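A.B. asks: Quick one, structure for this:
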Amino acid sequence: MAEGPPSTSRDRISELPDDVLGHILSYLPNDEAGRAAALARRWRDIFGHVHTVSFQETEGERGADWDTYYYEATERKSCSGALLDGINAALLCRRRRRSAGGHVPLRTFRFAFDDFMPGWDGFHVDQWLRYVLEYAGPELNLDLRFAIGPICTRTQCSVDVNRRTGADAGNDDYSFSKEGAYLLPRRLFSCATLKTLCLAHCRLKLLDADSVHLPALETLRLTSIHHDPGKSIQRLILSSPRLADLTLEDIRRLKTLSILPTRLRRFALRCCHNAQSIHVDASEMVAVEYHGGAPSKSLLTLHGAPPQGIPLCTVDLCTPVSKNNAKHHAAFRRFLSSFSASKRLHLHHGRLHTACLTATGGLPLFPQMTTLVLQGRVESRWFVSALHNILDRTPNLEVLSLYMAEKEQGRVTTASDDGQRDGNDVGVDDPDEASFSATCLRVRIRKINMVHYDGNETQRTLARLLFRNANVLERLCVVFTTEYCFPVQTRLRKEIESWARAGSKKTFL
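C.D. replies: Reported below is the predicted structural model:
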């Protein structure tokens, strides 16, 4: 039989228009998208149509820069030039396409320095931002990070960021000296198309005579802004009429802030340890997050919160609260009362002593709460009593999730295990099913999740009491720790199945 003519394959992807191919490559890391030029002649200039420029260094990549800068370098070239060379090359490709008449507006510009070096990097950043602001598209998203590292040094796991900068540990703005922190150009704060702005380890200096107006800004995230007690930050926020999502992290000199005319939908305050009074309009708020030390009564004031409460609240402490600190216990419970009308609460209890959760009448009533997430180690039998007290205060709870894994390494003494450390578990009797019963367990809770279940004595007691009292449970999900072999997990699974309601759907991972 005579064979037909050989079939010719078509490269349908390469037949797509340049702007479509550029849009596809924009979702790849820029170094990978740039390598697409080696595929064929058709792809040679496609990178010039990419609307996203994003490069990031790794932590510690510039560890030798300081010695090189002062003692060795003649050209003062950074030890890690990949970020500088990559961004310069990406913007050069775009300039060439603009000269050829195929310019694509820039949509996203993102970089992250391991450790910004003003003598080497400042000139490059000036050029980049000048280009970005001149050729921005109808929607511009900026993420400018001048350092990589933890935002808070109050946790034991945090590394000392002074290891590279040599800054004085007593300085509020420890990451950079006054001359080292990059001062953002004022032109940035009058960009009409800027939609997202994330800034880390840099300076704002907005003068009264400066024109500040960001009519399209919706998301603002400020991390470790240096030498600003809040004046420039407040002006920036109040000059953004469409701002809906605000995050403030590790702003050391921030003490007071009032942004009442701005109706936020999401607000996060993380590790601003010197803050004393933050006033926020919560009339349209759907999510609020607090991460920091034991909060004072006047720290966060939510004005105009809806009667039905803020739907989602997250509370996490980065400093431990000891069992003998009654003042902090009372302050924490007052702080929780601000969210008593919320429907969903995510509480990190790892640094809370169980006395905060077991005091008679201490916790506020959460009458509308339907979803509760508790995160932290579960080892002390006192936690069983604490959880029972919480369930008594949440009569309409429907979903309970317990994340029992370590949140971070280098953990300090926490609420979950300090009872064992102090020997206070001695004489604590495990409650029986009848005494542990609560209204929500009997008639409301339909789903229970237990993550990082290792089957220690306290966790097994807790699982037995929960599953045997959950009369209307429809679904349970248990995720075992990876430390145990399959036979041990099988034994734990059979044990849990014997406690759970027969008609409920059971998932084990």
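A.B. asks: what's His226 sitting at in phi/psi?
C.D. replies: Dihedral pair for His226: phi -90, psi 150, per degrees, to the nearest 10.
A.B. asks: In the sheet, which residues pair with it? Tell me.
C.D. replies: Judged by DSSP bridges, the bridge partners of His226 are Arg203.
A.B. asks: Roughly how far does Ser498 sit from Thr461?
C.D. replies: For Ser498, the distance to Thr461 equals 15 Å [CB to CB, to the nearest Å]. In short, each C-beta sits where N, CA and C put it, glycine included.
A.B. asks: In terms of packing, which of these two has more residues around it?
C.D. replies: Thr461 (17 against 10; other CB atoms under 10 Å).
A.B. asks: My guess is that one contacts Phe383. True?
C.D. replies: No - using CB atoms under 8 Å, Thr461 makes no contact with Phe383, being 9.7 Å away.
A.B. asks: Strands of the stretch 401-509 of the chain, residue ranges please.
C.D. replies: For the stretch 401-509 of the chain, the strands defined by DSSP state E, counting those that start in this stretch occupy 447-453, 475-480, 505-508.
A.B. asks: Okay, now the sheet partners of the last one, with direction.
C.D. replies: For strand 505-508, the paired strands and their directions (DSSP bridges) are strand 475-480 (parallel).
A.B. asks: what's the answer for the longest one, then?
C.D. replies: Partner strands and pairing direction for strand 447-453 (DSSP bridges) are strand 399-403 (parallel), strand 475-480 (parallel).
A.B. asks: Please write out the alpha-carbon positions of the last one in CSV.
C.D. replies: Think strand 475-480. The C-alpha trace of strand 475-480 is given here as CSV (Å, rounded to 0.1, in the frame of the first residue of the first chain):
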residue,chain,number,x,y,z
ARG,A,475,-18.0,15.4,58.7
LEU,A,476,-14.6,15.1,60.4
CYS,A,477,-11.2,15.5,59.0
VAL,A,478,-8.0,14.3,60.8
VAL,A,479,-4.5,15.0,59.4
PHE,A,480,-1.9,12.9,61.1
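A.B. asks: can you list contacts of that strand?
C.D. replies: Residues outside strand 475-480 that contact it (CB atoms under 8 Å, 6 or more residues apart in numbering): 446-455, 463, 467, 489, 492-493, 496, 500, 504-509.
A.B. asks: Now stretch 336-355: buried residues?
C.D. replies: Of all the residues in stretch 336-355, those buried under the rule 16 or more other CB atoms under 10 Å are 336, 338-355.
A.B. asks: Residues touching the longest strand out of those in the chain, excluding its own?
C.D. replies: Longest strand in the chain by number of residues (criterion: DSSP state E): strand 136-145. Contact with strand 136-145 is made by 51, 54, 104-113, 132, 184, 188, 191, 193-202, 216, 223, as judged by CB under 8 Å, 6+ apart.
A.B. asks: Same check on stretch 48-57?
C.D. replies: Contacts of stretch 48-57 (CB under 8 Å, 6+ apart): 18-19, 21-23, 25-27, 29-31, 33, 80, 82-83, 86-87, 90-91, 93-94, 96-97, 102, 104-114, 137, 143, 148.
A.B. asks: Check stretch 355-375 too.
C.D. replies: By CB under 8 Å, 6+ apart, stretch 355-375 touches 308-309, 321, 323, 329, 332-333, 336-337, 339-350, 382, 385-387, 389-390, 393-403, 407, 415.
A.B. asks: cutoff 7 Å now
C.D. replies: With contacts defined as CB atoms under 7 Å, 6 or more residues apart in numbering, stretch 355-375 is touched by 308-309, 321, 323, 329, 332-333, 336-337, 340-350, 382, 385-386, 389-390, 393-403, 407.
A.B. asks: I'd like the average pLDDT over stretch 388-402.
C.D. replies: Averaging pLDDT along stretch 388-402 gives 92.
A.B. asks: Next: stretch 198-214.
C.D. replies: Mean pLDDT, computed over stretch 198-214, is 87.
A.B. asks: buried ones in that stretch?
C.D. replies: Within stretch 198-214, the residues scored as buried using 16+ other CB under 10 Å are Cys198, Leu199, Ala200, His201, Cys202, Arg203, Leu204, Leu206, Val212, Leu214.
A.B. asks: For those residues, give me TSV that also has distance to Leu236.
C.D. replies: TSV is the format used below for these (distance: CB to CB, whole Å):
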residue	distance to Leu236
Cys198	13
Leu199	10
Ala200	15
His201	16
Cys202	13
Arg203	12
Leu204	7
Leu206	7
Val212	6
Leu214	8
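A.B. asks: Among the residues you listed, which ones are in strands?
C.D. replies: Short answer: the buried residues of stretch 198-214 in strands (DSSP E) are Cys198, Leu199, Ala200, Cys202, Arg203.
A.B. asks: give the contact list for the last one.
C.D. replies: Arg203 makes contact with Ala181, Tyr182, Leu183, Leu184, Ile225, His226, His227 under the criterion CB under 7 Å, 6+ apart.
A.B. asks: Asp281 now?
C.D. replies: With contact set as CB under 7 Å, 6+ apart, Asp281 has these partners: Leu260, Thr262, Arg263, Leu264, His303, Gly304.
A.B. asks: for Glu249, phi and psi?
C.D. replies: Here is the backbone geometry of Glu249 (degrees, to the nearest 10): phi -130, psi 130.
A.B. asks: Quick check: it vs Asp85, distance?
C.D. replies: When Glu249 is compared with Asp85 (using CB to CB), they lie 30 Å apart.
A.B. asks: out of the two, which sits in the more crowded spot?
C.D. replies: Neighbours per residue, other CB under 10 Å: of Glu249 and Asp85, the larger number sits with Glu249, 18 against 13.
A.B. asks: Residues in a beta bridge with the more buried one, which ones?
C.D. replies: Counting by DSSP bridges, the residues bridging with Glu249 are Thr223, Arg270.
A.B. asks: Neighbouring strands - and their directions - for the helix or strand hosting Phe55?
C.D. replies: Taking DSSP states H and E as the definition, one finds Phe55 inside strand 52-56. Sheet pairing of strand 52-56 (DSSP bridges) gives strand 106-112 (parallel).
A.B. asks: Could you check the angle the strand it pairs with makes with strand 136-145?
C.D. replies: 10 degrees (axes from the mean of the first three to the mean of the last three CA atoms, to 10 degrees).
A.B. asks: What average pLDDT does the following helix or strand past strand 106-112 get?
C.D. replies: Next helix or strand after strand 106-112 toward the C-terminus (DSSP H and E): helix 118-134. Averaging pLDDT along helix 118-134 yields 88.
A.B. asks: Ok, stretch 83-92 next?
C.D. replies: Average pLDDT, stretch 83-92: 83.
A.B. asks: Having no further points to raise, I will conclude here.
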